[in-house]
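Colleague: Provided below are the primary sequence and the corresponding predicted coordinates.
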Amino acid sequence: MTNGHRIPAISALGLRKSFGEHVVLDGIDITVPQGTVYSMLGPNGAGKTTTVQILTTLIRADGGELRVDGHDLTSEVDKVRGAIGVTGQFSAVDELMTGRENLILMGDLHHLPRRETKRLAADLLERFDLVEAGDKIASTYSGGMTRRLDLAMTLVGDPRIIFLDEPTTGLDPRSRRMMWDIIRSLVKDFNVTVFLTTQYLEEADQLADRIAVLDHGKIVAEGTAAELKRLVPGGHIRLQFADRSGRDTAARVLDPAARVVEDAGDDGFVLLVPSDGGVKSLRAVLDRLDLEQIEVEGLSVHTPDLDDVFLTLTGQPTAEMETAR
């Protein structure tokens, strides 16, 4: 605790890294509060993997003030390594061993007493829904089961910060959502901080408290998913009316850019009013409708999704995204 505030789980100020003349990270700033999920998005070559490699002590930065779990990344490497866990898209699971044996091996590597390791292994197998598979050879596991075991192995070391590098790549939708639930529980039940890279924008939208968009070595935007979506034009409030008269009156008194939906089908009479999706703009529309005594049958707020944000900020469609580069 410093000045009544919690020390950030991760803090990077002016992080720089080049390989030869190629600048990969051009002085980026990152602050990740404890007990949160922070997601980094970016196109191929943006510098995400380099960021993770630096923050997990695998390579050294060229410059910047860097601290992980309050420890200096240059002078306190062992303390940093003792505080973190890393799970990538390539599993560390030994497929010739059972799930339980993999967990016990991790306990041995962390020099835990064997009795405690066995108890912890049983606990993690249950928590990660692997009890029935616990004594089966890991080579028989599905992709989703292998990912869950890999993450469970990371927890044996009781890390305070976990780096997840594309944790659901290649998983089917059901397995992906199961992993999302597990990641949420890491923060809620284990009180860990998660630094997440992902190629799925929906994943960042679902999990992250804050999202950073990295492009050409710079963070071009950072904030909550809602804040990022409001950066992109195209949001609107969709109003439904019982009759044409109400819709046309609303069109006259509201934003001149409001657009009538000529063929709204079963939805009746619809008007689209430009909006940033915020509470203030929604309240302004409702107050004006109330002032003019215009009745509304239905209302919904539509904002651009993260795909729109990504395309606008980086100039690349998300189909071309390859995180961890």
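Modeller: Thanks, I have it. Nothing here was measured: the structure is a model prediction, and the numbers come from that model.

Colleague: Low-confidence regions, the protein specifically.
Modeller: With pLDDT under 70 as the threshold, the chain has low-confidence stretches at 1-5, 89-90, 264-266, 315-325.

Colleague: Give me the domain ranges for it.
Modeller: What the record gives for the chain is the domain set 10-93+141-229, 236-302, from automatic domain parsing.

Colleague: Could you identify which of the ones you listed is most buried?
Modeller: Each of these was scored by mean neighbour count; the highest is domain 10-93+141-229, a mean of 19, by mean count of other CB atoms under 10 Å. (Glycine included, C-beta is placed from N, CA and C.)

Colleague: Ramachandran angles for the residue of the chain most remote from its centre?
Modeller: Going by CA atoms, centre = their mean, the residue of the chain most distant from its centre is residue 245, 44.9 Å out. Per-residue torsions, residue 245: phi -60, psi -50 (degrees, to the nearest 10).

Colleague: could you pull out the helices for the stretch 151-300 of the chain?
Modeller: Listed in chain order, the helices of the stretch 151-300 of the chain (DSSP state H, counting those that start in this stretch) span residues 173-190, 201-207, 225-229, 244-253, 279-291.

Colleague: Distance to residue 313 added to the ones you listed, as JSON lines?
Modeller: Supplementary listing: the helices of the stretch 151-300 of the chain in JSON lines, determined by distance: least, CB to CB, whole Å:
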{"stretch": "helix 173-190", "distance to residue 313": "24"}
{"stretch": "helix 201-207", "distance to residue 313": "12"}
{"stretch": "helix 225-229", "distance to residue 313": "8"}
{"stretch": "helix 244-253", "distance to residue 313": "32"}
{"stretch": "helix 279-291", "distance to residue 313": "22"}
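
Colleague: Please identify which of those is closest to residue 26.
Modeller: Closest to residue 26 of these is helix 225-229 (CB to CB; 20.6 Å).

Colleague: Off-centre distance for the closest one?
Modeller: The chain centre lies 12 Å from the centre of helix 225-229; the measure is CA atoms, centre = their mean, to the nearest Å.

Colleague: And stretch 98-111, by the same measure?
Modeller: The chain centre lies 29 Å from the centre of stretch 98-111; the measure is CA atoms, centre = their mean.

Colleague: One more: stretch 59-72?
Modeller: A distance of 22 Å separates the C-alpha centroid of stretch 59-72 from that of its chain, computed with CA atoms, centre = their mean.

Colleague: just the CA coordinates of that stretch, formatted as PDB?
Modeller: The C-alpha trace of stretch 59-72 is given here as PDB (Å, rounded to 0.1, in the frame of the first residue of the first chain):
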ATOM      1  CA  ILE A  59      13.600 -10.900 -22.700                       C
ATOM      2  CA  ARG A  60      14.800  -7.500 -21.500                       C
ATOM      3  CA  ALA A  61      13.400  -4.100 -22.500                       C
ATOM      4  CA  ASP A  62      15.500  -1.400 -24.000                       C
ATOM      5  CA  GLY A  63      14.000   1.200 -21.700                       C
ATOM      6  CA  GLY A  64      11.200   2.100 -19.400                       C
ATOM      7  CA  GLU A  65      10.200   1.900 -15.800                       C
ATOM      8  CA  LEU A  66       8.700  -1.600 -15.300                       C
ATOM      9  CA  ARG A  67       7.300  -3.200 -12.200                       C
ATOM     10  CA  VAL A  68       5.300  -6.400 -11.800                       C
ATOM     11  CA  ASP A  69       3.700  -7.200  -8.400                       C
ATOM     12  CA  GLY A  70       5.600  -4.200  -7.100                       C
ATOM     13  CA  HIS A  71       9.000  -5.600  -8.000                       C
ATOM     14  CA  ASP A  72      11.400  -4.000 -10.400                       C
END
